[in-house]
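Undergrad: Take a look and give me a structure for this.
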Amino acid sequence: MRLLAYRRDGELRFGHQTDAGIVDLGAGDVMNVIRDGIPVRDGETIDPASVEIQAPIGRPGKIVCIGLNYADHCREQGNEPPAYPKLFAKFANAVNRPGGIVRRPAATEKLDLECELAVVIGQGASGIGPEEAMEHVFGYTILNDVSMRDLQREDQQWLRAKGSDGFAPTGPVVVTADEIRDPHALRMSSSVNGETWQASSTAEMVFDVPSLIAFVSRTMTLEPGDVIATGTPAGVGHYHQPPRYLVDGDLVRCQIEGIGVLENVIVDQQPRIADHALAAGMGVGVVRA
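TA: Have a look, this model is predicted:
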């Protein structure tokens, strides 16, 4: 099933996507299905063009992200794949809807994209092994791990660079696990204004989905509705020659086979400040305790 959330007449609702349109399932978002199951009765069928599609899960409890988890992405940096998964986090403030604006903060001149397969947890998991991990997967969606490459380097950690407002566009649907035969054999790509940046496959993952779920669950309990963003392949703008970054007006498109297309537009925060250190909060105005 292809589940999504949408806003109609100011109300947040959820449904499943069919060839005929969106079949309404009730008020709320996809978290309602994860928590309560599929409603027994379907509602009316709605034209998708008449509603505003939302992120499938608007307030996930955790967004756990994996760094350097694609072999081709490691190669483009000249790095060896890591010995174990590298984790970082985004928070609910970063969630953005399909078609929503990604605002480029004045703090950055090096905004980048990362197309990622995201795993949605259905059953809670704590201390489980890889052999049972897939039983805890509800489904899959697309997440764009928007990143400020200058702050990623300057802050020497990734929280601001990747966790800022709107930096996790997600959707447009959650495809239930039964419809994705092999999450490690999906074509994936990204483009900017119609020009391809990334073109790869989830087969490039260093650590597969069950290994990631088991690794995360060793020290933190995964709960229903949590999201694991499994990493990005080669082709991000930062490693183009010369590097390329997102700017005002760019149309960013992330696509994963079997799931769909996630599009967002970049809009500059104004005013922009020529002094990068000041704009990024590293100059005048920062007071030491």
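
Undergrad: C-alpha from now on. contacts and neighbour counts both.
TA: Fine.

Undergrad: So Arg75 belongs to a helix, correct?
TA: Yes: counting by DSSP: H, G, I helix; E, B strand; the rest coil, Arg75 is found in a helix.

Undergrad: who's in contact with it?
TA: Ala234 (CA atoms under 8 Å, 6 or more residues apart in numbering).

Undergrad: So for it, what's the pLDDT?
TA: In this model, Arg75 is scored at 97, pLDDT.

Undergrad: how far is the helix of greatest length in the chain from where the chain is centred?
TA: Criterion DSSP state H: the longest helix present in the chain is helix 209-217. On the basis of CA atoms, centre = their mean, to the nearest Å, helix 209-217 sits 17 Å off its chain's mean C-alpha point.

Undergrad: Stretch 185-194 now?
TA: That offset, for stretch 185-194, works out to 14 Å (CA atoms, centre = their mean).

Undergrad: CA-only coordinates of the lowest-mean-pLDDT helix or strand in the chain in CSV, if you can.
TA: Least confident helix or strand of the chain, by mean pLDDT, DSSP states H and E, is helix 276-279 with a mean of 91. Provided in CSV are the C-alpha atoms of helix 276-279 (Å, rounded to 0.1, in the frame of the first residue of the first chain):
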residue,chain,number,x,y,z
HIS,A,276,29.9,34.6,6.3
ALA,A,277,31.2,34.3,9.8
LEU,A,278,28.7,36.8,11.0
ALA,A,279,25.9,35.2,9.1
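
Undergrad: What are the boundaries of the helices in this protein?
TA: Using DSSP H, helices in the chain cover 30-36, 71-77, 130-133, 149-154, 159-163, 209-217, 276-279.

Undergrad: Please list the residues outside the fifth one that contact it.
TA: By CA under 8 Å, 6+ apart, the surrounding residues in contact with helix 159-163 are 88-91, 93-94, 145-152.

Undergrad: Pick the one among the residues you listed closest to Ala27.
TA: Nearest to Ala27, judged by CA to CA, of the contacts of helix 159-163 is Asn93 at 21.6 Å.

Undergrad: ok, that closest one touching Asp165?
TA: Yes: counting by CA atoms under 8 Å, Asn93 touches Asp165, with 5.3 Å between them.

Undergrad: so who does the residue most central in space within the chain touch?
TA: Central residue of the chain (CA atoms, centre = their mean): Leu143, 1.9 Å from the mean position. By CA under 8 Å, 6+ apart, the residues touching Leu143 are Cys115, Glu116, Leu117, Ala118, Ala168, Pro169, Thr170, Gly171, Ala229.

Undergrad: what do you get for Val192?
TA: Contacts of Val192 (CA under 8 Å, 6+ apart): Asp250, Leu251, Val252, Arg253.

Undergrad: ok, now how distant is the second one from Pro98?
TA: Meaning Leu251. 12 Å (CA to CA, to the nearest Å).

Undergrad: Of the two, which one has the most company?
TA: Each of Leu251 and Pro98 has its neighbours counted (other CA atoms under 10 Å); Pro98 has more, 24 against 20.

Undergrad: still on that earlier bit, more neighbours, Asn93 and Asp165?
TA: Between Asn93 and Asp165, counted using other CA under 10 Å, Asp165 has the larger neighbour count: 18 against 15.

Undergrad: Distance check, the more buried one against Leu143.
TA: Distance, Asp165 to Leu143, by CA to CA: 14 Å.

Undergrad: And Arg7, by the same measure?
TA: Counting by CA to CA, the gap from Arg7 to Leu143 is 20 Å.

Undergrad: that older thread, which of the helices of the chain sits closest to Ile63?
TA: Comparing the helices of the chain by CA to CA, helix 159-163 comes nearest, at 9.9 Å.

Undergrad: Give the rounded mean pLDDT of that closest one.
TA: Here the average pLDDT along helix 159-163 is 97.

Undergrad: Can you tell me the closest non-neighbouring residue to Gly235?
TA: Residue nearest to Gly235 in three dimensions, not counting chain neighbours: Gln198, with 4.3 Å by CA to CA, 6 or more residues apart in numbering.

Undergrad: what sits against that neighbour?
TA: Gln198 sits in contact with Cys115, Met188, Ser189, Ser190, Ser191, Pro233, Ala234, Gly235, Val236, where contact means CA under 8 Å, 6+ apart.
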